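Peer 1: Build me a model from this:
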Amino acid sequence: MIGMESSNRLDLFDGIPPRTWVALSADRSRVVATGGTYGEAVDGADSAGVFDPILVMAPPKDGIPVYIP
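Peer 2: Sure thing, here's the model as predicted:
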């Protein structure tokens, strides 16, 4: 997202348990749903009215952080 620093993008994962599927809005500015499986995150995004989310998995606390371009 233009104008958003990388560290701020990783802040989206604050409070989300490791290895949780995360559905982001198309502009990558907010978490619209989470789930224990890919399908749960997609279903949650659909319920939130977001039908084309970006899906990523929250990184393990001791692993490599996810970069969201």
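Peer 1: center of this structure - which residue?
Peer 2: The centroid of the chain falls nearest to Val22 when counting by Cα atoms, centre = their mean (3.5 Å).
Peer 1: And it, how far from Ile54?
Peer 2: According to Cβ to Cβ, to the nearest Å, Val22 stands 9 Å off from Ile54. From N, CA and C alone the C-beta is placed, and that goes for glycine too.
Peer 1: quick one on the thing from earlier: pull up the gap between the residue nearest to the centre of the chain and Gly39, please.
Peer 2: 14 Å.
Peer 1: what does Met57 give?
Peer 2: Per Cβ to Cβ, Met57 is found 13 Å from Gly39.
Peer 1: The two: which has the busier surroundings?
Peer 2: Met57 (15 against 10; other Cβ atoms under 10 Å).
Peer 1: OK, contacts around that one?
Peer 2: Counting by Cβ atoms under 8 Å, 6 or more residues apart in numbering, Met57 touches 19-22, 66.
Peer 1: again with Tyr38
Peer 2: Here Tyr38 is in contact with 21, 55 (Cβ under 8 Å, 6+ apart).
Peer 1: Could you do Glu40 as well?
Peer 2: Contacts of Glu40 (Cβ under 8 Å, 6+ apart): 21, 33-34.
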